[in-house]
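The amino acid sequence is not available; the structure is as follows:
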């Protein structure tokens with residue numbers, strides 16, 4: 001790739017923005033001068049911004065243009081070198097080329113009058129083209145599909161977002177929140193320049209929505225764990241709360257955007273997501289494994305003959321409600337939530353509360369099936385014991401070598417978001433197995449040693465791979481074995497989170513709760 005002068009880099013960046021329709025030719029003088037001001041650079045007297053309209057300036061990948069501008073800014077002392085400072089600065093540069101919020105809202109609403117799909121297509125493309133979603137980073141994530149007893153599950157090794165410790169997430173609920181913006185999900189982030197401990201959000205755009213008569217906003221996740229991964233956030237900085245109105249909000253959303261799924265993380269530590277301090281939902285245009293799962297046992301709730309209900313064939317404990325009338329689904333969902341909040345069954349390890357601390361909550365997921373509404377209610381419990389200090393219904397210790405973090409909404413639906421450390425560890429494990437090394441004697445792989453022994457027992461073909469010697473074919477075959485086995489571990493992780501186990505005894509306990517709902 002050729003190295004450009006600052007002037008040429010600005011022309012290439014403006015050419016990129018023109019090609020993505022972020023700006024028009026009428027904006028070129030303004031855009032170029034704004035960029036030069038940010039770069040603290042004075043162009044030569046014969047610089048011509050209109051040259052950016054030439055096709056040759058629309059060919060360079062955005063990542064390369066920004067890299068060169070950032071390298072120059074570091075070399076001239078405009079910014080210090082470092083991932084955080086570079087991210088802050090390139091977001092500032094892109095803000096000069098991103099349409100103003102009012103323009104985006106106007107364009108979104110105009111397209112919505114054509115169809116909801118046209119509106120979200122526009123908004124998602126803008127979020128990528130403006131570099132708010134850094135697609136060149138997201139592409140580095142490793143993704144595959146693994147066959148399990150519960151169908152095909154999606155597996156992702158996340159390389160674009162750091163892991164969060166469950167204890168840190170819980171601590172954030174009680175920490176002081178006196179900074180501006182208060183959190184990453186506050187609408188005040190729109191246009192915020194950022195700081196070293198808070199990413200710049202000058203290119204984020206929010207679409208105002210009305211859900212259950214309240215003001216909410218839609219944006220996209222910068223990490224895009226699945227297609228068109230959106231976040232719907234409250235205008236108010238209030239902690240997560242699962243309540244009857246939650247179900248109304250979710251069904252209101254899929255009334256407006258019937259091509260999207262949407263759900264909410266639970267509102268308690270351990271079983272909630274990574275941010276519990278701000279009310280929000282997550283959705284998108286994607287069919288999760290859980291949505292493909294069928295009903296294994298039909299249920300009937302007294303007074304709700306018009307709502308179909310059943311237990312989903314899934315590792316977690318899920319009640320599925322289907323019907324034509326969203327209000328009736330929400331009414332039954334509220335009744336189930338109320339019953340579950342107060343429900344205890346010591347034989348299943350379920351206590352509604354201990355010393356006044358509540359343990360029961362729900363992870364709800366809403367979608368449309370044609371004209372019908374569907375709401376999945378995942379029963380959750382966050383109780384801990386000495387044996388399970390991170391949670392009884394949390395990944396157990398023998399699975400922590402693959403997944404230790406909270407099992408939130410995305411994982412509940414069947415998409416594993418696994419830590420970046422696994423990429424290097426699995427490559428090292430593959431090589432160690434193929435060369436016959438004792439995994440127990442390799443400190444970096446010690447946490448995987450028992451699992452590796454089990455894999456060898458299950459897969460006698462590994463011995464043949466080892467005998468065939470080092471080759472790309474044997475390495476790929478071993479990689480596939482590891483990918484398959486990671487998928488099976490994830491299915492066990494989800495089983496740990498089921499409050500009623502997929503056993504005859506567990507189903508009997510599940511039916512007992514269903515009876516309690518109708519009492």
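Ah, there it is. Everything numeric in this text was worked out from a predicted model, so none of it was measured.

Which residue ranges of the stretch 51-200 of the chain form strands?
Using DSSP state E, counting those that start in this stretch, the strands of the stretch 51-200 of the chain run over residues 142-148, 151-157.

so which of those is the most packed in?
Counting by mean count of other CB atoms under 10 Å, strand 151-157 has the highest mean neighbour count of the strands of the stretch 51-200 of the chain, with a mean of 20. Bear in mind the C-beta positions are built from the backbone N, C-alpha and C, glycine included.

Spatially central residue (nearest the centroid) of the protein, please.
With distances taken as CA atoms, centre = their mean, the residue of the chain nearest its centroid is residue 225 (4.8 Å).

Contacts only, for that residue.
Each residue near residue 225 by CB atoms under 8 Å, 6 or more residues apart in numbering is listed here: 156, 158, 410, 415, 417.

Buried residues, stretch 283-293. List them.
283, 284, 285, 286, 288, 289, 290, 291, 293 (16 or more other CB atoms under 10 Å).

hmm, I was thinking of stretch 51-63
51, 52, 53, 57, 58, 60, 62.

got these as CSV, with distance to residue 465 and pLDDT columns?
Output for the buried residues of stretch 51-63, formatted as CSV (distance: CB to CB, whole Å; pLDDT from 0 to 100):
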residue, distance to residue 465, pLDDT
51, 57, 97
52, 54, 97
53, 56, 97
57, 50, 96
58, 47, 95
60, 43, 96
62, 41, 98
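
Can you pick out the most distant pair from those?
The two members of the buried residues of stretch 51-63 with the most space between them (CB to CB) are 51 and 62, at 18.5 Å.

which stretches of the stretch 351-500 of the chain form strands?
Using DSSP E, counting those that start in this stretch, the strands of the stretch 351-500 of the chain run over 353-354, 357-358, 360-369, 372-381, 415-418.

Quick check: phi and psi on residue 278?
Main-chain torsions, residue 278, degrees, to the nearest 10: phi -140, psi 130.

Run a quick neighbour tally on it.
If you count neighbours by other CB atoms under 10 Å, residue 278 ends up with 20.

and it, what pLDDT?
Looking at residue 278, its pLDDT is 97.

for residue 471, same thing?
89.

re earlier: so the residue nearest to the centre of the chain, which state does it fall into?
coil (DSSP: H, G, I helix; E, B strand; the rest coil).

repeat for residue 10
Classification of residue 10 by three-state DSSP places it in helix.

That one contacts residue 36, correct?
Yes - taking contacts as CB atoms under 8 Å, residue 10 lies within contact range of residue 36: 6.6 Å.

Compare these two and say which is more crowded by neighbours.
Between residue 10 and residue 36, counting by other CB under 10 Å, residue 10 is the more crowded of the two (27 against 18).

ok, now how distant is the more buried one from residue 429?
Note on residue 10: its distance to residue 429, by CB to CB, to the nearest Å, is 47 Å.

Provide a list of residues in contact with residue 429.
Residues counted as contacts of residue 429 (CB under 8 Å, 6+ apart) are 439, 445, 448, 452, 482.

In contact with the second one, which residues are there?
With contact taken as CB under 8 Å, 6+ apart, residue 445 is in contact with 425, 428, 429, 432, 439, 452.

buried set for stretch 451-467?
Under the neighbour-count criterion of 16+ other CB under 10 Å, stretch 451-467 has 451, 452, 455, 459, 462, 465, 466 buried.

Kindly state the pLDDT recorded for the third one?
To tie it back to what came earlier, the one meant is residue 455. At residue 455, pLDDT is 97.

circling back to that earlier point, turn the strands of the stretch 351-500 of the chain into TSV, including mean pLDDT, distance to residue 242 and mean neighbour count.
Output for the strands of the stretch 351-500 of the chain, formatted as TSV (pLDDT from 0 to 100; distance: least, CB to CB, whole Å; neighbours: other CB atoms under 10 Å):
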stretch	mean pLDDT	distance to residue 242	mean neighbour count
strand 353-354	96	15	12
strand 357-358	96	11	13
strand 360-369	98	5	23
strand 372-381	98	9	24
strand 415-418	96	21	23
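
right, and these - which one's nearest residue 15?
Closest approach to residue 15 among those is made by strand 415-418 (35.8 Å; CB to CB).

who touches that closest one?
So strand 415-418 is contacted by 153-158, 225-226, 288-289, 402-403, 405, 410-411, 486-487, 490, 493 (CB under 8 Å, 6+ apart).

quick one: the lengthiest helix in the chain to strand 360-369, angle?
In the chain, taking DSSP state H as the definition, the longest helix is helix 472-497. Relative orientation of helix 472-497 and strand 360-369, computed by axes from the mean of the first three to the mean of the last three CA atoms, to 10 degrees: 120 degrees.

neighbours around residue 498, how many?
21.

got it, and residue 488?
Here the count is done by other CB under 10 Å, and residue 488 has 17 residues near it.

got it, and residue 246?
So residue 246, with other CB under 10 Å, has 24 neighbours.

which SSE is it in?
Here residue 246 sits within helix 244-256, counting by DSSP states H and E.

and that helix, what does it pack onto?
Using 3 or more CB pairs under 8 Å, 6 or more residues apart in numbering; DSSP states H and E, the elements in contact with helix 244-256 are strand 207-211, strand 261-263, strand 280-284, helix 326-341, strand 360-369, strand 372-381.

Quick one, which of these gets closest to residue 131.
Smallest distance to residue 131 across the helices and strands packed on helix 244-256 (CB to CB): 18.6 Å, for strand 207-211.

Please look at residue 381 and residue 269 and confirm they touch.
No - using CB under 8 Å, residue 381 is not in contact with residue 269; the gap is 12.0 Å.

can you redo the buried residues of stretch 451-467 as CSV with distance to residue 181?
What follows is the buried residues of stretch 451-467, written out as CSV (distance: CB to CB, whole Å):
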residue, distance to residue 181
451, 42
452, 45
455, 46
459, 50
462, 51
465, 52
466, 54
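
ok, those residues vs residue 501, which is closest?
The closest of these to residue 501 turns out to be residue 451 (CB to CB; 21.9 Å).
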